[in-house]
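Novice: my questions concern the predicted model and sequence given below.
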Amino acid sequence: MQSAYFGDILGLGTPELLIILVILLVLFGGSQLPKLARSLGKSAKELRKGIDDAKGDFTSPDKTNKSDKK
């Protein structure tokens, strides 16, 4: 499977991403950006965890999920 970059998916290049970064910096300020990035990272981690859990629910019974082994 070929991995796609975020900018490739949305059709954004480097100049567009820089403009968006500057706008975010102006709107939220320098002190709020790390907090925003941290919360987005936590949200993405929880989303991946939920997707992995849902995939485990749909596997056949003879296949065991890694989280089931303890």
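Specialist: Great, that's in hand. Numbering: from 1, shown residues only.
Novice: longest single helix anywhere in the protein?
Specialist: helix 33-57 (DSSP state H).
Novice: check which helices and strands that helix is in contact with.
Specialist: In terms of contacts (3 or more CB pairs under 8 Å, 6 or more residues apart in numbering; DSSP states H and E), helix 33-57 is packed against helix 14-28. Every C-beta, even on glycine, is put in place using the N, C-alpha and C of the backbone.
Novice: for the longest helix of the chain, buried residues please.
Specialist: Going by neighbour count (16 or more other CB atoms under 10 Å), nothing in helix 33-57 comes out as buried.
Novice: quick one: it to chain centroid distance?
Specialist: 6 Å (CA atoms, centre = their mean, to the nearest Å).
Novice: give me the residue at the spatial middle of the protein.
Specialist: For the chain, residue 44 is the residue whose C-alpha lies nearest the centre (CA atoms, centre = their mean; 3.8 Å).
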